[in-house]
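A.B. asks: The sequence isn't on hand, but the structure is:
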DNA sequence: TGGATTTAATTTGCATCTCGAATTAATTTG
DNA sequence: CAAATTAATTCGAGATGCAAATTAAATCCA
């Protein structure tokens, strides 16, 4: 167990202050003091050292209550955007999206590569990722040496701690030490993370979960992912393993195991539609769901049936997740949401039926159709979080 | 967020030292220092204050390396059993088991009440529990004022933080503030906890998970429970809600939702056997599983089929739990294990089939058939843990 | 205009904590 | 019985947070 010494104490309080400044925008020292329950003295000391380190900036305006109130005006503090830059990426089967963000998580540049990398050998994928990172950094007017770290979000079973990809639907290989590979190529610290976990943090920082300390996110894409926020922290399985909902087993038949991914994954929903050549083409280009949506609007009964079935399955799966984690909110994201009402309604209905009576009302379902940039931004947030968490690297003893 | 001050630092290190002494039996200060990575100075100071508070004792023997080694002999430290007593209880449908333990978790007295309380009104149950606690304390030669706290473990959806029982298969009422009710009756702090969580801690402290920081336990009784140990701590859902596996949904049919409890709960397995009057009688007396075992040994094909079916369902459910939590070990406990080989084999087989390839080998299955006392002792451990966690009540500033 | 008032932030002084080095304590060795 | 060895404590230094006092920077109002 980590021993508690003054250094740890400082680190904890520093993170607490830094995170408060991040969350509550320009904020004065007094307000930080109230929010963190730290004494004004301590807040002053910590913000002083954060200023020295160039992690935050002062601003002599923006106090909402000015004019109306007497006394010395509050000096507002905010993150220094220029304190660091990170790269975040979402790597999916048919495209990659890269973003460069500043220290606040604001996007400086975006790059989308609409390349189908499905099941390419790892070296090819690494080539493309490396290229994408380099180009996006260049687009932001920066060089790689200006980038503190890179975080790559991708579907599958990811071992965050070690940077290994145990398996991913978009990879042919298994058990790849992708973090080491990319760190070496880019000569920059590279983190590998489940895409669902990444967008979970995106929602905690910028999206629909800013007000919550506990939350669960379910991503419905080619595969099904799960992100869990517990006590303001990302919750990963033992050993830092990410969850992969698609692997969940629904039942067993004579032919073997029936997994969720085979019932409610993108391929499962669209796979039956081989009749429509244009749909098959759209799927190959990664626009399958968008096209499916138009088919559904045109009353394609076969597809509607598939969507309803998938929605039902996902609906009760979410109820099961709620049974296990009891989060106040479940956020659903991902391309499958584009299937529209038939899908969403059956999902909602199944959820309502499946949620145990004793948990009725503990959790609300929220649907969110953010674009791929948001996922990549989430990956960037993961990189930033690890940066925030270790600011004691930056300082020695306080002044 | 809790602010980090010297007091918290002390509390953390005190807990760390106290827990090391609990785990590693009689142990010298040097060894504690190595184990906790605290300096000998600090260990001396903390153990000094623990001695002052009477929480630990010295013992001038027991050093294994004595005789063979020169120098000043080590003084061994151990928990002071007399520092406090707690009561733990397991409350099940057909019986209640109470234990009184000392500060080490050693059992001082046991009381089993073979009473069927199934779905009695809450006041009746509270009467019986109160009576059981009082009698067991008396049996231990103590009075209730000697008892620091009581922890009641029972199946269902329990809100540990507030002490509410949201629902329980053994209760007619729902959403009962049982902690408040029993605290008032006993005039002693009373904790309400899921029985599965309680036995999870029992295994972490005394049983099959002493060597692990992460672990999952599945209890197979009348209902199915889940306990999760994450990073040496009990993991509860958001808001301190316990998990209830029986509520998991396996699928949806026209007739409604199919829940795990209806497929693999005790009643589900034995329920079909209404032909055998003696079995029905045994079930009523809470010995259903034991009797079922003899029937299975006598090749009761109907029951064997039911057991195999249940084993299969539970097997893949456990694979799903592993998919979500990736624990290095899954411990299975509960009366259903008494169904024997047909059940266990089908469970194991289904698990092997259902576990995703990428998670193969991360988790081992362990079966454990501890008796009810062990569950009750787990509840006592929950009470003790909360006592250990707040030893800063006991001391002011160190001496 | 300028002192009184008010609120923000910093400085000062103190108590607590951990830790390294030095010291004391309790053994065995020869 | 002194030397060696290991355990545990004491002492002093450095870091931290906090309360109280002080300083800073505004507004208010005669």
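C.D. replies: Nice, I can see it. Model, not experiment: these values are computed from the prediction.

A.B. asks: Give me the neighbour count for the residue nearest to residue A:143 when sequence neighbours are not counted.
C.D. replies: Nearest residue to residue A:143 in three dimensions, chain neighbours excluded: residue A:137, at 6.8 Å (CB to CB, 6 or more residues apart in numbering or on different chains). All C-beta atoms are positioned from the backbone trio N, CA, C, and that covers glycine. For residue A:137, the neighbour count with other CB atoms under 10 Å in any protein chain shown is 25.

A.B. asks: Test my guess that residue A:137 contacts residue A:148.
C.D. replies: No: the pair residue A:137 / residue A:148 is not scored as a contact, 11.7 Å apart, by CB atoms under 8 Å.

A.B. asks: Look at the residue lying farthest from the centre of chain A and give its secondary structure.
C.D. replies: Distance from the C-alpha centroid of chain A peaks at residue A:70, with 43.2 Å (CA atoms, centre = their mean). For residue A:70, the assignment made with DSSP: H, G, I helix; E, B strand; the rest coil gives coil.

A.B. asks: May I have the phi/psi pair for it?
C.D. replies: Backbone torsions for residue A:70, taken as degrees, to the nearest 10, come to phi -90, psi -180.

A.B. asks: Whichever helix in chain A runs longest and chain B in contact?
C.D. replies: Criterion DSSP state H: the longest helix present in chain A is helix A:301-325. Yes: legend: contact between helix A:301-325 and chain B by CB under 8 Å from any CB of the partner chain is shown at A:312, A:316-317, A:319-320, A:323-325.

A.B. asks: For DNA strand D, state which of the residues you listed is nearest.
C.D. replies: residue A:325 (32.2 Å; CB to the nearest atom of the strand).

A.B. asks: if I look at residue A:90, how far off is residue A:155?
C.D. replies: According to CB to CB, to the nearest Å, residue A:90 stands 9 Å off from residue A:155.

A.B. asks: what do these two both touch?
C.D. replies: Listed as contacting both residue A:90 and residue A:155 by CB atoms under 8 Å, 6 or more residues apart in numbering or on different chains are residue A:195.

A.B. asks: For chain A, what lies in contact range of DNA strand C?
C.D. replies: Proximity of chain A to DNA strand C (CB under 7 Å from any atom of the strand) is limited to residues A:3-6, A:28-30, A:40-41, A:44-45, A:47-48, A:69-75.

A.B. asks: rewinding a little: any idea which of the residues of helix A:301-325 next to chain B is closest to residue B:120?
C.D. replies: Using CB to CB, residue A:323 comes nearest to residue B:120 of the residues of helix A:301-325 next to chain B, at 26.1 Å.

A.B. asks: Could you double-check that the closest one sits in contact with residue B:248?
C.D. replies: Yes: using CB under 8 Å, residue A:323 is in contact with residue B:248, at 5.9 Å.

A.B. asks: thinking again about what came up before, just the buried members of the residues of chain A next to DNA strand C?
C.D. replies: Buried by 16 or more other CB atoms under 10 Å in any protein chain shown: A:4-5, A:28-29, A:45, A:47, A:74-75, out of the residues of chain A next to DNA strand C.

A.B. asks: Show me where the stretch 101-250 of chain A has its helices.
C.D. replies: A:122-139, A:178-186, A:195-205 (DSSP state H, counting those that start in this stretch).

A.B. asks: List the buried residues in the longest one.
C.D. replies: Right, helix A:122-139. For helix A:122-139, the neighbour count (16+ other CB under 10 Å) marks A:122, A:125-126, A:129, A:131-134, A:136-137 as buried.

A.B. asks: Next SSE downstream of the strand or helix carrying residue A:34?
C.D. replies: Residue A:34 belongs to helix A:29-36 when assigned by DSSP states H and E. Where DSSP H and E defines the elements, the next helix or strand beyond helix A:29-36 is helix A:40-52.

A.B. asks: residues contacting residue A:108?
C.D. replies: So residue A:108 contacts A:85, A:99-102, A:140-142 (CB under 8 Å, 6+ apart).

A.B. asks: Can you read off the backbone torsions of whichever residue of chain A sits closest to DNA strand C?
C.D. replies: Closest residue of chain A to DNA strand C, CB to the nearest atom of the strand: residue A:71 (2.0 Å). Residue A:71 adopts backbone torsions of phi 90, psi 170, taken as degrees, to the nearest 10.

A.B. asks: filter the contacts of residue A:108 to the buried ones?
C.D. replies: Counted by 16+ other CB under 10 Å, those give A:85, A:99-102, A:140, A:142 as buried.

A.B. asks: Take the residues you listed and keep only those in strands.
C.D. replies: A:85, A:99-101 (DSSP state E).

A.B. asks: Where does residue A:19 fall, secondary structure wise?
C.D. replies: Applying DSSP H and E, one finds residue A:19 within helix A:6-23.

A.B. asks: ah, wrong one, I meant residue A:87
C.D. replies: Judged by DSSP H and E, residue A:87 forms part of strand A:85-91.

A.B. asks: related to what we said a few turns ago, which pair of the buried ones among the contacts of residue A:108 spans the longest distance?
C.D. replies: A:99 and A:142 (12.4 Å).

A.B. asks: How is chain A partitioned into domains?
C.D. replies: A:6-82, A:84-201+A:375-389, A:211-369 (automatic domain parsing).

A.B. asks: Could you identify which of these is most buried?
C.D. replies: Most buried of the domains of chain A, by mean neighbour count (mean count of other CB atoms under 10 Å in any protein chain shown): domain A:84-201+A:375-389, with a mean of 21.

A.B. asks: Tell me how far that domain lies from the chain's centre.
C.D. replies: 12 Å (CA atoms, centre = their mean, to the nearest Å).
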